[in-house]
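In: Below are the sequence and a predicted model; questions follow.
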Amino acid sequence: MHKILRSINLFKGSRFANKLPTYLERLKQQEEMDRKTNLDVLRREVFNDSIQLPIKFAAYYITNQQTFWAELTRSMIDASNHLILFATNYINYGPNKEFPYGIEKVKHLVALIPSALFLYFGASISYESFLNIYNYGHYVGEIHGNAWGLALYLLSICIETSVVFKNIRDAQAVDSNDETKKGLFKQFLSVFQKKDPVLQAILYENAITLGSTLIPLLSSAFTLIYPTHAFEIVGSLAIGLIQLQLAYHLSAQNLSSLMGEQSISDMEVKKILEIIKQNQYVEKIQNEKAVMLGSRKFRFSAEITFNIKQINQDTESKYLERFDKVIYSESYRDREEYLSELLREIQEYVLASLHIQIQKIESAIRNEFPNCIHLDFEINNKSLAETYSIDDGNWLFRETLLKSPFKVEKWMLDEVDRIIKKITKKKNENYIETYQSLCSSIQYNQWDDVEDDDEQLKIIEDYRFEELQNELKGIDQILQFNNISKRQ
């Protein structure tokens, strides 16, 4: 097991692991860009609120229309939300061991304040509008002052439109410059799909603000044409419903993050699964889970079933070539040690191959999603049970010997010839016949007459070189004894 762990540690220092700092650098750059963009957009929104609120207050003060009051309350709550977001995003306190979410939970908690205000004023304005429709819908109001309110709201919506398009431009710069090639409407929709949650909230409110600012403008214009309170009542009701929608949107987004884990988008999960399936050894993916960690980071986990049979086959083809070296090793002892080491390596290689495949998958995912800071892949236990065992390795070696018995014979005969030559040099021809007969017995062995595989292997093992070496040691001892006797 320690060799397996050592092999795995070696792979951790491979070229796949060396890419990790690149991912971390990209993630850090992305976070800095997100934070800078958020602060720029929020700073722009706060400055815009300081201009919009006096304009809308003046319009309401001059006209005293109900729609202008409804829009003024919505703008004030929206401005308070911008101040809260600006204050919390200005604090750069990221996740750590003690606080894994950083101050993200605090941000979501504080964001519930404007959502509660939207809920209260939205419900009040909607209820009041329903009562006015029931009681005063037929009343014809005075029209003096409406022209001034109309002019002020024309100025307001022009300023708001310029701010919104500047925000969209900054949001596009966060991800890619290719967004500018799209049409205006597609650009506007794309900014809601893949941005930082804070930026998404601001852009969502920008879209609501454009629609909400148009309502008093249209109400004032229609009242100039046909003087009745009906347009004001319907307009204020629409703004009240918009505030209720904002309250629902903000509370749903923030409560889901406070009460439970928030997942990444289905599109991103699908993309990650496609990256995993591109690996040739992956058979099935199950129990996948992606959880957000902060505003942009996330972790992903899944259980992967690998095609272990295919990995085993690839391992066999790799190691069959190395078995030839075992067959032609210089001595039986070397062959036995090399074989034992090779059989151990097969198991380690299969496990290391699994680790390599996981490293490749992780590298591909982090290359596409640098904000994925944690990946946890579990190998299916059933597939892991099919990895190479000692018996599988012995079987592979048996098959190799049985497929090439004549190679084994040649190897043995070459070794016999080597021993005979060694004896011949010592001119001890009395013992040469012993090895010549042994050589002949191997050379003229009829493999076709032996059908059982075990018997074939037994024949090979019966003539292994250990016996020849023992015989040679015996001969050397006799020679030494004879030389000593002659000297005496």
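Out: Yep, it's here.

In: who's in contact with the closest residue in space to Ala238 that isn't next to it in sequence?
Out: Leaving aside its sequence neighbours, Ala238 sits nearest to Ile215 (Cβ to Cβ, 6 or more residues apart in numbering; 5.3 Å). Any C-beta I mention is one placed from the backbone N, CA and C, and that applies to glycine too. By Cβ atoms under 8 Å, 6 or more residues apart in numbering, the residues touching Ile215 are Thr67, Glu71, Gly235, Ala238, Ile239.

In: Can you tell me how far Ile215 is from Met76?
Out: When distance is defined by Cβ to Cβ, to the nearest Å, Ile215 is 16 Å away from Met76.

In: Over to Val106?
Out: Going from Val106 to Met76 by Cβ to Cβ gives 23 Å.

In: before we move on, what about Tyr127?
Out: 19 Å.

In: before we move on, back to that, now the residue nearest to Ala238: which helix or strand?
Out: helix 197-225 (DSSP states H and E).

In: avg pLDDT for that helix?
Out: For helix 197-225, mean pLDDT is 77.

In: Neighbour count: Tyr127 and Met76, which is higher?
Out: Counted by other Cβ atoms under 10 Å, Tyr127 and Met76 do not tie: Met76 has more neighbours, with 18 against 12.

In: pLDDT weak spots in the stretch 1-150 of the chain?
Out: 1-28, 30-31, 90-105, 134, 136-146 (pLDDT under 70).

In: what are the ranges of the strands in it?
Out: Using DSSP state E, counting those that start in this stretch, no strands are found in the stretch 1-150 of the chain.

In: beta partners for Tyr302?
Out: Quick fix: residue 302 reads Ala, not Tyr. Phe377 (DSSP bridges).

In: Which residues are in contact with it?
Out: Taking Cβ under 8 Å, 6+ apart as the test, what Ala302 contacts is Ile276, Ile285, Gln286, Asn287, Glu288, Lys289, Asp376, Phe377, Glu378.

In: Just give the nearest non-adjacent residue to the third one, would you?
Out: In this structure, Gln286 finds its nearest non-sequential neighbour in Glu303, 5.1 Å apart by Cβ to Cβ, 6+ apart.

In: residues contacting the one you found?
Out: Per Cβ under 8 Å, 6+ apart, neighbours of Glu303: Ile285, Gln286, Asn287, Phe377, Glu378, Ile379, Asn380.

In: and Glu283, what element?
Out: With DSSP H and E as the test, Glu283 turns up in strand 282-293.

In: Partner strands of that strand and their direction?
Out: strand 297-306 (antiparallel).

In: you'd agree Phe300 is up against Glu288?
Out: Yes: assessed by Cβ atoms under 8 Å, Phe300 is found in contact with Glu288 at 7.3 Å.

In: still on that earlier bit, would you mark the buried spots in the helix holding Ile215?
Out: Neighbour counts over helix 197-225 (16 or more other Cβ atoms under 10 Å) mark 197-206, 208-209, 212-223 as buried.

In: now swap in stretch 33-48 and tell me
Out: Asp34, Arg35, Thr37, Asn38, Leu39, Val41, Leu42, Arg44, Glu45, Asn48.
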